[in-house]
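Trainee: Here is the input, now give the coordinates:
(2 chains)
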Amino acid sequence: MNAIIISALMGVLMMFTSIITSNKQVIKNVALIALLFLLVGNIVDTYNIFSIKVDTKGMLSFGKFGLYFNTLIIAATTIFVLLSGNEIVKTGDYAADYFALIFFVLCGIAILSSFNNLLMMFLGVEIMSIPLYILTGSAKKNLKSNEASLKYFLMGAFSTGIMLMGIALMYGATGSFGIQAIKLVDNELSFTKVMQTPLLEVIGLLLVYAAMLFKVSAAPFHFWAPDVYDGAPSAFASFMATIVKAAGFIALINLFFLKAVELHYLWKMVTVLVIITTLIIGNITAVFQQSVKRMLAYSSIAHAGFMMFALYAQNDIAKEGILIYTVAYSLATIGLFAILAKMDDYSLEGYNGMAKTQPLLAFANAIFLLSLAGIPLTVGFFAKYYMLAAVLKFSGGFGLFLTITGVVFAAVSVYYYFRVLQAMYFKEGDAKVADVTVGFKLGLMLCIAAIIFFGIFPDVLLAWFYF
Amino acid sequence: MPIQYYIYLALALFCIGIVGVLTRRNAIIVFMCIELMLNAVNLLLVAFSQMHQNAVYATNKVTSAGIEGQLFVFFIMVVAAAEVSVGLAIIVMLYRNTRSVDINFLNRLKN
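Mentor: Numbering: from 1, shown residues only, chains lettered A, B, ... in the order given. The predicted structure is shown next:
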């Protein structure tokens, strides 16, 4: 409960900060301190040292998995503010409000990681999404940002409508909004029992699934993602592509680790189809992009495909995998976007010769790209490894087929990541990068160190999970 | 009245909303269609709520079964209001910059 309450309070606090001071650096530092406070609050909750107790009538349940996921998300947000804080305050005149909105998004995420009732899921998704519509349009004079914001808003509201329809149908079939797992006789799932699931509930679950796929930008509901990430201010695009996407997956896992049984074969077939189309569309389209920002948008779709593996496998390795994938993907993408925001030219040519002009930034970019591509010694390798292991462990079905597809598309992704590497190291040119502060460089070093450290000792991450 | 009538009405409203979102080109009308979808869901939830209550009422006269559905409707209304405020602000912002609320404008983002 700590994370939900403290993040909402900190959001209000940030709004009041703008009354007291208009100094953007002060506002950024207040936000950082508030984030650290939130992080400590959540860790204290995880270890049962101090937690605010509220009787939620069973609508929220705080398991170790959700709390630990919160910790990772808040830590990733802290790194995001450390690296991109200056871009955030430069977006417009209302620096404090952007941070307030970020805290409200975190509040929504904390609800999503702990809901036990469809009402709370709906509220969590909305608390997470509505601030994002505003953040996307925060560059008010920029037409591209306006367009992205309107597009994201209309599509988001549409998917909310679909999700509500699904929830209503499920309510009609079962008479409650609670998420109870189907009771198994002798732990054996008999086919007839599964087939007794009312048709209304099946349709409802599929509608909710579609709406959540929209939120995580998996195919065939991905079409908004490239435009919105491209149009939104770079700093907020990285926030949306990493932290919010991971939160969408936690919501999917919370709901469908319990409910997927009721869909049985239908669930597996739909999920496999979604995974394959997401991987194909994300990876193949990314190959043809000339703008690095757009390429990252498509690569985020491709990574959504990999994270979907956890939904297919539905075992403990999948849970561990999604935690590692969150860390790997967030660290690398936040870093890449932070450097991208400092560049003049977002196209591939803009990166030409970066290794000569800015060796440290080029090196950081290289590590981030290697991690996204899943090269060993970076945490990205173990992220993909856990996902594939989870699917292989899942006996029967499409396990082997999915694994092979995953490996093939991981190889495809190497191509477009390495094009950026090639531009930086082997092409002549003078990449123009805005001046970077010492703090920014330290933040990048921290990211690199974390990626390599967790790449060599991934169990450290999981040891905290199982403490 | 049987529950089916309510379900058909709600589904019809919902489909009108979906068709409107997909075919209309004016941002405000698209937005109204989305609201129509949400209200169709509200109607459906209230109908289901009554249905679940009736099912229990025959045996238990003081039941609170089905009350959740009606509670959910209030939450949908609150969230819809929040969405309206944000959405209209976005549309006004767009109108200030372009003097139009046409959705076709959105196609410019594609490269």
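
Trainee: number of nearby residues for residue 9?
Mentor: No chain specified, so I'll use chain A. 16 (other C-beta atoms under 10 Å in any protein chain shown). All C-beta atoms are positioned from the backbone trio N, CA, C, and that covers glycine.

Trainee: you looked at the wrong chain, it should be chain B
Mentor: So residue B:9, with other C-beta under 10 Å, has 14 neighbours.

Trainee: which ones are touching it?
Mentor: Going by C-beta atoms under 8 Å, 6 or more residues apart in numbering or on different chains, residue B:9 touches residue B:43.

Trainee: Could you report the distance from it to residue B:38?
Mentor: Using C-beta to C-beta, to the nearest Å, residue B:9 is found at 15 Å from residue B:38.

Trainee: Distance from the host helix or strand of residue B:7 to the middle of the chain?
Mentor: Using DSSP states H and E, residue B:7 falls within helix B:3-23. Centroid separation between helix B:3-23 and its chain, computed with C-alpha atoms, centre = their mean, to the nearest Å, is 10 Å.

Trainee: again, but for stretch A:13-23
Mentor: 29 Å.

Trainee: what sits up against it?
Mentor: If you take C-beta under 8 Å, 6+ apart as the criterion, stretch A:13-23 is touched by A:26, A:27, A:30, A:31, A:34, A:94, A:95, A:96, A:97, A:99, A:100, A:103.

Trainee: rewinding a little: going along the chain from the helix holding residue B:7, find the next helix or strand for me.
Mentor: Under the assignment DSSP H and E, the closest C-terminal helix or strand after helix B:3-23 is helix B:27-57.

Trainee: Which elements pack onto that following helix?
Mentor: Counting contacts by 3 or more C-beta pairs under 8 Å, 6 or more residues apart in numbering or on different chains; DSSP states H and E, helix B:27-57 packs against helix A:143-174, helix B:3-23, helix B:67-98.

Trainee: Ramachandran angles for residue A:433?
Mentor: Backbone torsions of residue A:433, given as degrees, to the nearest 10, read phi -120, psi 140.

Trainee: That one touches residue A:342, doesn't it?
Mentor: Yes. Assessed by C-beta atoms under 8 Å, residue A:433 is found in contact with residue A:342 at 5.2 Å.

Trainee: Which members of the contacts of stretch A:13-23 are classed as buried?
Mentor: A:27, A:30, A:31, A:34, A:94, A:95, A:96, A:97, A:99, A:100, A:103 (16 or more other C-beta atoms under 10 Å in any protein chain shown).

Trainee: what's near enough to touch the fifth one?
Mentor: Residues touching residue A:94, when contacts are defined by C-beta under 8 Å, 6+ apart, comprise A:18, A:138.

Trainee: The closest residue to residue A:82 other than its chain neighbours: helix or strand, and which one exactly?
Mentor: Once flanking residues are discounted, residue A:82 sits nearest to residue A:443: 4.4 Å by C-beta to C-beta, 6 or more residues apart in numbering or on different chains. Here residue A:443 sits within helix A:438-456, counting by DSSP H and E.

Trainee: Determine the set of other helices and strands touching the helix or strand just after that helix.
Mentor: Following helix A:438-456 in sequence order, the next helix or strand is helix A:458-466 (DSSP H and E). Helix A:458-466 sits against helix A:64-90, helix A:316-341, helix A:379-393, helix A:438-456, with contacts defined as 3+ C-beta pairs under 8 Å, 6+ apart.

Trainee: Ok, which of the helices and strands packed on helix B:27-57 comes nearest residue A:457?
Mentor: Minimum separation from residue A:457 across the helices and strands packed on helix B:27-57 (C-beta to C-beta) falls at helix A:143-174, 38.2 Å.

Trainee: Can you give me the buried ones in the closest one?
Mentor: A:145-174.

Trainee: Stretch A:442-452 too?
Mentor: A:443, A:444, A:447, A:448, A:450, A:451, A:452.

Trainee: For the residue nearest to residue A:436 when sequence neighbours are not counted, which residues are in contact?
Mentor: For residue A:436, ignoring the flanking residues on the chain, the nearest one in space by C-beta to C-beta, 6+ apart is residue A:342 at 6.2 Å. Shown in contact with residue A:342 (C-beta under 8 Å, 6+ apart): A:361, A:433, A:434, A:436.

Trainee: how near is residue A:342 to chain B?
Mentor: Going from residue A:342 to chain B by C-beta to the nearest C-beta, to the nearest Å gives 23 Å.

Trainee: before we move on, back to that, CSV for the helices and strands packed on helix B:27-57, including distance to residue A:385 and mean pLDDT?
Mentor: Converted to CSV, these look like this (distance: least, C-beta to C-beta, whole Å; pLDDT from 0 to 100):
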stretch, distance to residue A:385, mean pLDDT
helix A:143-174, 32, 92
helix B:3-23, 41, 93
helix B:67-98, 40, 93
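
Trainee: Can I get the ones you listed in TSV including distance to residue A:394?
Mentor: Listed next are these as TSV, based on distance: least, C-beta to C-beta, whole Å:
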stretch	distance to residue A:394
helix A:143-174	26
helix B:3-23	35
helix B:67-98	35
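
Trainee: Quick check: residue A:207 touching residue A:160?
Mentor: No. Between residue A:207 and residue A:160 there is no contact under C-beta under 8 Å: 11.4 Å.

Trainee: rewinding a little: where's the residue nearest to residue A:82 relative to residue A:96, distance?
Mentor: Taking C-beta to C-beta, one finds residue A:443 at 21 Å from residue A:96.

Trainee: next one: residue B:80
Mentor: 27 Å.

Trainee: Then residue A:403?
Mentor: Taking C-beta to C-beta, one finds residue A:403 at 47 Å from residue A:96.
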